[in-house]
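1. predicted structure and sequence below. I'll ask about it afterward.
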Amino acid sequence: MRPNARRPDALLADLCAQDGPLAREKAHYTRRPEQVELARAVQKTLSEKGVLLCDAPTGTGKSIGYISAAILRAAEVGERVVISTATISLQSQLLTEDIPPVRAATAALMGYPEEEGASYAVMKGRANFLCSQRHQDTLRTGSMLEGEVLANLDSWAATTSSGDREDLDFRLPVSTWLEVASDGEDCAPNSCPFREGCFYYAHRDRAQEADILVVNHALLLANVASYGNIFDTEGRHLIIDEAHRLEEIMAEAFGAKVSYPRVRYVMRQAKKKCENTHDDADRAQMAAEAFFEELRSSQQLGSEKKAPRSYRALEDSLRSVRNILASDPREEVNAMQGMVGRLRRDLLSFYSEPSEADDYAYAVMAGRSRDPTRKPYPELRSWLVDTAGAFRDEVLPLFEDGGVVLTSATLANAAGERRSFGYARRRLGLEESPTKPGRKVREHAGAEIFDYEGRVLIYVEEEMDTPTLSNAYDYAAACAQRTRQLVELANKSGGNDITEAKTGAKALVLLSTSRAVSVFREAFDPLQSMSVRFQGDDSPGRLLGWLRRSQSEDSVVLVGTRTFWEGTDVSGLDLVIIDRAPFAPPDDPVIKKLCEKAGAGWFREVTLPKAQVAMRQGTGRLMRRSDDRGVIALLDPRISSKGWGKSILDTLPPAPRTSSLLEVGSFFSRGEYRSQTSGDRYGNL
């Protein structure tokens, strides 16, 4: 901590000045008033130890904003911050591009050496690290690790300094890695001969000392479930980026999954630890094979009477294995009973009579298999539905001594001045002030950055037939035909800037289902000057790389589903085409349960708000830089004819709208749209 006589807001202003220290440390930095306002809102929240809901439109530079506030807080008063993200790409951006220059700039501003600046680190889940005890158990008992794989692992284990799976120098399947990875349910630190040199604990202990600790949402919630036993939260602030994903990840994190691979994995670990479990563990595995095979046709839940015939044999075998482990005096064996007991409790939960207050959704879901010759077993899944209670009563109390910031480009519903945080407040238990007295909940709706009125046109379809279950094929085929027309019109523009040499159009087509992608593949009739790729042709990352790099006279079209709906950052797009209003499938177990709980207001309280947030994400793929320019095309004619259509349109950026293909063509051919805008005021954002 280095006290400074200047006020915190003055320090922030100096840090972010156009010719200030941050401009000297970060390449291409340009001061943005919206970014500074966001930073001030975060700064105030950390100081007051309140809660902030922050909607920061694309281009704001929200990560630099909240990092500036966090590092200044660490520098001024020595307070530490946890930053949680949903995606690996954002985590990497924070650690390599955003935190280092802000740290260096703050040190320069405060007048001390950079190496004495705020420290930062990423904390990973323990499954990322080699467990030396498990590795030795595998060497001793054999298992699925044999031959060259085992030799490679032995060599790596003997030389690695981190034990981090990311540092493996050979390919190792996930299922194989899990045999030797650290697992909290199979850990007896007090009696472990490898505790002193444990890779996971060494990583955890180093990371916990950092002023700025970066985690992902899954690890944040695992820490909540373990009552703060993974990393210390006392006195720390919490900043949750990509907060629009939190509800979904909470639902899954506090739910359960019972699958055949899980039973097989747990029984293998039990057999490694204790020879006395072999017979019962083998019986459990045989019972699991029968149970999951019967589950294909016996899918009723909620009562033991409805369970597959082999359910009782599986449950009895798991109980026997747990009892054997519990009676063993050795800590490393006794600790395993928790893993087996939790599996058994999760299994029982699917066949227990639900109460009226049950806040979980339950379902039998299709499983996955890496072996294309084998049909995977189904699996049991449950999700927490009441995320409000979990966030208010479990997450917030762990950070009661600090401020909590939730931010995203799409945290609010609708866009511009129509934005509302009502849905986020309801789903996170923030409709009223949190349980801690005096803790205020504030909102910050940042201003739009881009010149949507000058650089974007929104096309709303009116002529196509309304999509229904019975015409799904014909509707997808019609979308393919309309997409070809739109790409042809965009191709006439001569590129993304009237001064550039002619290049073909770039289009991202976002479809509602995988079936729609298949129909689109059949029905789309591209011109010779069009290059088209579909989801499934290659990995998502390589497909996006292809779209980014394409610079030719041919138009390029990428067709996919929700995989590309968010987190897709491709500048220079001319078209983003969406086939349907993004309502969640009515048979989705979580949506179904939420709608049941909402009663008559299910559409207004559940379905519509989720669709609004999803639409903001999808349409947000177009404008990624200030010099981008193009058309957002909504091909669902219900948006212009149904009463809920206005609520969907309210989510869109403040840009002109049309239902005329002639006007779309005119938009692409009028180069003066580019030269008459103020879109270049911030350069590349």
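-> Everything's here; your move. Residues are numbered from 1 along each chain as shown.

2. part of a strand, is Ile83?
-> Yes: with DSSP: H, G, I helix; E, B strand; the rest coil as the criterion, Ile83 is assigned to a strand.

3. how far away is it from Lys592?
-> Ile83 sits 34 Å away from Lys592, going by CB to CB, to the nearest Å. Where you see a C-beta, it was placed from the backbone N, CA and C, and this is true even at glycine.

4. now do the contacts for Leu343.
-> 258, 262-263, 266, 318 (CB atoms under 8 Å, 6 or more residues apart in numbering).

5. average pLDDT for stretch 18-29?
-> For stretch 18-29, the mean pLDDT works out to 90.

6. repeat for stretch 363-378
-> Stretch 363-378 shows a mean pLDDT of 81.

7. any idea how far apart the tips of that stretch sit?
-> By CA to CA, to the nearest Å, the extent of stretch 363-378 from end to end equals 10 Å.

8. again, but for stretch 650-660
-> 20 Å.

9. I figured Tyr377 hits Val263, correct?
-> No: Tyr377 lies out of contact with Val263 (CB atoms under 8 Å); the separation is 10.0 Å.

10. compare these two (neighbour count), which wins?
-> Comparing Tyr377 with Val263 by other CB atoms under 10 Å, the one with more neighbours is Val263, at 24 against 19.

11. how close does the nearest residue to that one once chain neighbours are set aside get to Gly117?
-> Of all residues not flanking Val263 in the chain, Ala288 sits nearest, at 4.1 Å (CB to CB, 6 or more residues apart in numbering). Distance, Ala288 to Gly117, by CB to CB: 53 Å.

12. who has more neighbours, the two?
-> Neighbours per residue, other CB under 10 Å: of Ala288 and Gly117, the larger number sits with Ala288, 26 against 23.

13. for the more buried one, grab phi and psi.
-> Here the main-chain torsion angles of Ala288 (degrees, to the nearest 10) amount to phi -60, psi -40.

14. and the residue nearest to Glu166 when sequence neighbours are not counted, what does it touch?
-> If the residues on either side of it in the chain are set aside, Glu166 comes closest to Asn128, at 7.0 Å by CB to CB, 6+ apart. For Asn128, the set of contacting residues under the criterion of CB under 8 Å, 6+ apart consists of 164-166, 181.

15. which residues of the stretch 201-350 of the chain fall in strands?
-> With DSSP state E, counting those that start in this stretch, the ranges of strands along the stretch 201-350 of the chain come out as 212-216, 237-240, 256-258.

16. quick one on the thing from earlier: who has more neighbours, Ile83 and Lys592?
-> Looking at Ile83 and Lys592 with other CB under 10 Å, you find the greater number of neighbours at Ile83, namely 27 against 18.

17. gap between that one and Ala251?
-> Counting by CB to CB, the gap from Ile83 to Ala251 is 22 Å.

18. repeat that for Glu115.
-> Applying CB to CB, one obtains 42 Å for the distance of Glu115 from Ala251.

19. same question, Leu489
-> Taking CB to CB as the measure, Leu489 falls 41 Å from Ala251.

20. burial count for Pro189?
-> Neighbour number of Pro189 under other CB under 10 Å is 12.

21. quick check: the gap between the residue lying closest to it once chain neighbours are set aside and Asp167.
-> The shortest distance from Pro189 to any residue that is not its chain neighbour, by CB to CB, 6+ apart, is 5.1 Å, and that residue is Arg195. Distance of Arg195 to Asp167, computed by CB to CB: 21 Å.

22. quick revisit: show me the contacts for the residue nearest to Val263.
-> For Ala288, the set of contacting residues under the criterion of CB under 8 Å, 6+ apart consists of 260, 263-264, 314.

23. could you rerun that using 10 Å?
-> Contact criterion CB atoms under 10 Å, 6 or more residues apart in numbering gives 258-264, 266-267, 310, 313-314, 317-318, 347, 377 as the residues in contact with Ala288.

24. repeat for Cys192
-> Under the criterion of CB under 10 Å, 6+ apart, the neighbours of Cys192 are 131-133, 198, 201, 331-332, 335.

25. now list the buried members of those residues.
-> 131-133, 198, 201, 332, 335 (16 or more other CB atoms under 10 Å).

26. just the pLDDT for the spatially most central residue of the chain.
-> The centre of the chain sits closest to Ala86, judged by CA atoms, centre = their mean, with a distance of 3.7 Å. Per-residue confidence at Ala86 stands at 91 (pLDDT).

27. what's the answer for the one 10 residues further on, then?
-> Model confidence at Thr96, given as pLDDT, is 91.

28. list the beta-bridge partners for the closest residue to Gly402 other than its chain neighbours.
-> Counting by CB to CB, 6+ apart, the nearest residue to Gly402 once its immediate chain neighbours are dropped is His237, at 3.7 Å. According to DSSP bridges, Val81 are recorded as the beta-bridge partners of His237.

29. got a list of what His237 touches?
-> His237 makes contact with 42, 45-47, 49, 69-70, 73-74, 79-83, 399, 401-405 under the criterion CB under 10 Å, 6+ apart.

30. try it again at 8 Å.
-> Residues touching His237, when contacts are defined by CB under 8 Å, 6+ apart, comprise 46, 49, 70, 73, 79-82, 399, 402-405.

31. list the ones among these that fall in strands.
-> Using DSSP state E, the members of the contacts of His237 that fall within strands are 81-82, 404-405.

32. next, count neighbours for the nearest residue to Asp650 once chain neighbours are set aside.
-> Counting by CB to CB, 6+ apart, the nearest residue to Asp650 once its immediate chain neighbours are dropped is Ala414, at 4.3 Å. Using other CB under 10 Å, Ala414 is surrounded by 20 other residues.

33. begin at 408 from now on, thanks
-> Right, with 408 as the first residue, what we last looked at is Ala821.

34. distance of Ala821 from Ala595?
-> Per CB to CB, Ala821 is found 52 Å from Ala595.

35. how about Ser470?
-> 40 Å.

36. do the same with His435
-> Here the criterion is CB to CB. By it, His435 lies 51 Å from Ala595.

37. more crowded one of those two?
-> Neighbours of His435 and Ala595, each counted by other CB under 10 Å, are more numerous for Ala595; the result is 16 against 8.

38. isn't that one right next to Pro736, touching?
-> No: the pair Ala595 / Pro736 is not scored as a contact, 12.0 Å apart, by CB under 8 Å.

39. so what's the closest residue to Lys664 other than its chain neighbours up against?
-> Taking CB to CB, 6+ apart as the measure, Lys664 lies nearest to Arg788, with 5.4 Å between them; neighbours along the chain are not counted. Residues touching Arg788, when contacts are defined by CB under 8 Å, 6+ apart, comprise 662-664, 769-772, 996.
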